[in-house]
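Trainee: I need the structure of the sequence given here:
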Amino acid sequence: MRTLSTEGIAISLITFGEIYEGIYYGTNPKAAERAFVQFLRGAAVLPLNKGIMREFARIRGQLRAQGQIIGDNDIMIAATAIHCKLTLVTRNLNHFGRIPHLQLYRQSPS
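Mentor: So this is what the prediction gives:
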């Protein structure tokens, strides 16, 4: 993440909510929240808007037609990245790899 942060970091509002769920139901909520608040000092939180939701509808319809549907949260995160012309950093290539036109960060082998 440090090497990527020079170009700027942003998270979807959906990711923000998913992280807070982990904070609230994790083993040490106070420490986790402190760490997340520290992370947010260098990251933007991207809100949902009509353009993102139109992209969401397009992606969801395509995946449904192909029998490849994934969770709505993942689709909204992907739609945010596509709409904002950003590269998505994720370990969940199984879900996000199904989404056409989504730029995924792939770490080069060391």
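Trainee: all the helices of the chain, residue numbers only.
Mentor: Along the chain, the stretches classed as helices by DSSP state H are 13-24, 29-40, 50-65, 72-83, 93-96.
Trainee: please identify the deepest-packed of the ones you listed.
Mentor: Most buried of the helices of the chain by mean neighbour count (mean count of other Cβ atoms under 10 Å) is helix 72-83; its value is a mean of 22. The way it works is simple: take the backbone N, C-alpha and C, and place the C-beta from them, glycine included.
Trainee: so which residues make contact with that helix?
Mentor: 12-15, 18, 46, 48-49, 51-53, 55-56, 59-60, 63, 86-88, 92, 95-96, 99, 101-103 (Cβ atoms under 8 Å, 6 or more residues apart in numbering).
Trainee: gap between Asp72 and Arg64?
Mentor: 11 Å (Cβ to Cβ, to the nearest Å).
Trainee: ditto for Ile9
Mentor: Taking Cβ to Cβ, one finds Ile9 at 31 Å from Arg64.
Trainee: cool, Pro47 as well?
Mentor: 25 Å.
Trainee: same thing with Phe36?
Mentor: 33 Å.
Trainee: now Ala44
Mentor: Distance from Ala44 to Arg64, by Cβ to Cβ: 30 Å.
Trainee: what's the closest non-adjacent residue to the spatially most central residue of the chain?
Mentor: Centroid-nearest residue in the chain, with Cα atoms, centre = their mean: Ile77, separated by 4.1 Å. Sequence neighbours aside, Ser12 is the residue nearest to Ile77 in space, at 4.7 Å (criterion: Cβ to Cβ, 6 or more residues apart in numbering).
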